[in-house]
Structure formats: structure tokens, C-alpha cells
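*Asks:* Sequence plus predicted model, see below.
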Amino acid sequence: YWFRSKDFVRGLALFESFYLFEGNQFTAGVDYKQFGGHAWNQSKPGKDADSEIMDNKVTEVAGYLTAQQTLFDHLTINAGVRLENNSGYGNEWIPQAGLAYQLNTSTFKASASKGFRSPNINEMYAPWGMVNPDLEPEEMWNYDISYLQSLLNDQLNFEITAYLAKGQNMVVAGQNTGKFENKGIDFGINYRLLP
């Protein structure tokens, strides 16, 4: 047989940022996404009849609001929430919050956020992998703290970040892996040779 498929992805994102008073910014938005397809095995001439693999679509609609406020010229705080609706999994609240404190050429940051991803059509139905339409969405909480330093009139910059990510249901080879935890330290340096 020959593997055949017709796939589609379509979406729309609308958002608006606005300011109510000095030092703040609000952003409100709506996202719409739909993806799916039809896949089947087309039999070669003289062989068995065609066989269906899948004919499905997933619709995701989300609304979100974020707010950021700078206080005392040094401290910036932000928070936001997103409500994600997936046609297969229902509603999921996705919050995030963070802060940054800048003192001269140094910046300290901290944040906490939730991550959420529903399985895509290929992960659930691809014939070259493990077909599993019962996959659960991936969920994760991420925490990080960072220190950023600028030197030599902003010509040399470096950053160090410590992070911790805890989650469940990571999709690997057509299966949910269960709980997972990742932690580590990232370091980056940037030097600008010429203006």
C-alpha cells in the first residue's frame, strides 16, 4: 500500500496592549488554532481495500491577560493567566508570574510559570510510530532565578540562570512518560567587539 494523508493547520491571533497609568502595561489577547487531517493506506492495484488510519481535527481557543508594572524605577513585576480550551481535553488554566530588580548595571530576575501542551495529530495517529489516541497532555511547572551583569559600557554582558522544571505526561515515542524533573544552571556571555 501507499501511505496517503491530507493535513491542515489554521489559526488566528488577536491581541492589544494598553497602558492605564505610568509604568504599567496590560496585554489582552485571544488565540484560535485548528489542526488535523485525514490519513489512510491506499492499496496497490490488485491488493486489499484501502484502510483508514484517522480522520480527525483538534480545535484550541485561548484567552489571556498579562500585566506588568514598574515600581520605584528599579523593580518590575509581571503576572498573567491564560485559559486554554482544547476540544479533546477541555479547559486548562495556565498562570505565570515574575519580577526583575535592576540596580545600576546588575539585574536580578525570578519567575514561575506553568506549561501545557496537548499531543498533536502525528503523536496520536502516525502509522510510523506507536498509534495512541489516548495520550494525555504534557504539563510542567518551571521555576528560575537569574543574575545579569553588564560591564564596559554595555559591551560585555553575562547571565547565569538556575532552573527547576517539574512535570508529567511528556510524550515520547507515542507514550506518556509519567513524572519528570529537570534542573540545572545555564551560563551565557556576550561581547560586542565593535559599536
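*Replies:* All right, it came through fine. Numbers count the residues shown, from 1 in each chain.

*Asks:* Show me which helix or strand of this structure is least confident by mean pLDDT.
*Replies:* helix 121-125 (a mean of 76; mean pLDDT, DSSP states H and E).

*Asks:* quick one: contacts of that helix?
*Replies:* Identification of contacts with helix 121-125 by Cβ atoms under 8 Å, 6 or more residues apart in numbering yields 7, 35-37, 39, 53-54, 56, 58, 129, 131-133, 135, 171, 174. Any C-beta I mention is one placed from the backbone N, CA and C, and that applies to glycine too.

*Asks:* Now tell me which of these the prediction trusts least.
*Replies:* Checking pLDDT across these, the minimum falls on residue 129 at 62.

*Asks:* what about the residue nearest the centre of the chain, is that helix, strand or coil?
*Replies:* For the chain, the residue nearest the mean C-alpha position is residue 115 (6.0 Å; Cα atoms, centre = their mean). Three-state call for residue 115 (DSSP: H, G, I helix; E, B strand; the rest coil): strand.

*Asks:* helix or strand for the closest residue to it other than its chain neighbours, which one?
*Replies:* In space, and not counting its chain neighbours, residue 115 is closest to residue 140: 4.1 Å by Cβ to Cβ, 6 or more residues apart in numbering. For residue 140, the host element (DSSP states H and E) is strand 138-151.

*Asks:* Distance of the most far-flung residue of the chain relative to its centre relative to residue 151?
*Replies:* In the chain, the residue that sits farthest from the middle, by Cα atoms, centre = their mean, is residue 46; the gap is 46.9 Å. When distance is defined by Cβ to Cβ, to the nearest Å, residue 46 is 74 Å away from residue 151.

*Asks:* swap in residue 115?
*Replies:* 33 Å.

*Asks:* What of residue 63?
*Replies:* 42 Å.

*Asks:* ok, now residue 3?
*Replies:* In terms of Cβ to Cβ, residue 3 sits 56 Å off from residue 151.

*Asks:* same check, this time on residue 163
*Replies:* 24 Å.

*Asks:* try residue 70
*Replies:* Counting by Cβ to Cβ, the gap from residue 70 to residue 151 is 24 Å.

*Asks:* higher neighbour count, the two?
*Replies:* For residue 70 versus residue 151, the count of surrounding residues by other Cβ atoms under 10 Å is larger for residue 70: 16 against 12.

*Asks:* contacting residues for the residue nearest to residue 115?
*Replies:* Per Cβ under 8 Å, 6+ apart, neighbours of residue 140: 114, 115, 116, 165, 166, 167, 168.

*Asks:* Next up, the contacts around the closest residue to residue 106 other than its chain neighbours.
*Replies:* The shortest distance from residue 106 to any non-neighbouring residue, by Cβ to Cβ, 6+ apart, is to residue 149 (5.5 Å). Shown in contact with residue 149 (Cβ under 8 Å, 6+ apart): 105, 106, 107, 157, 158, 159.

*Asks:* Run through the bridge partners of the third one.
*Replies:* Legend: beta-bridge partners of residue 107 under DSSP bridges are residue 102, residue 148.
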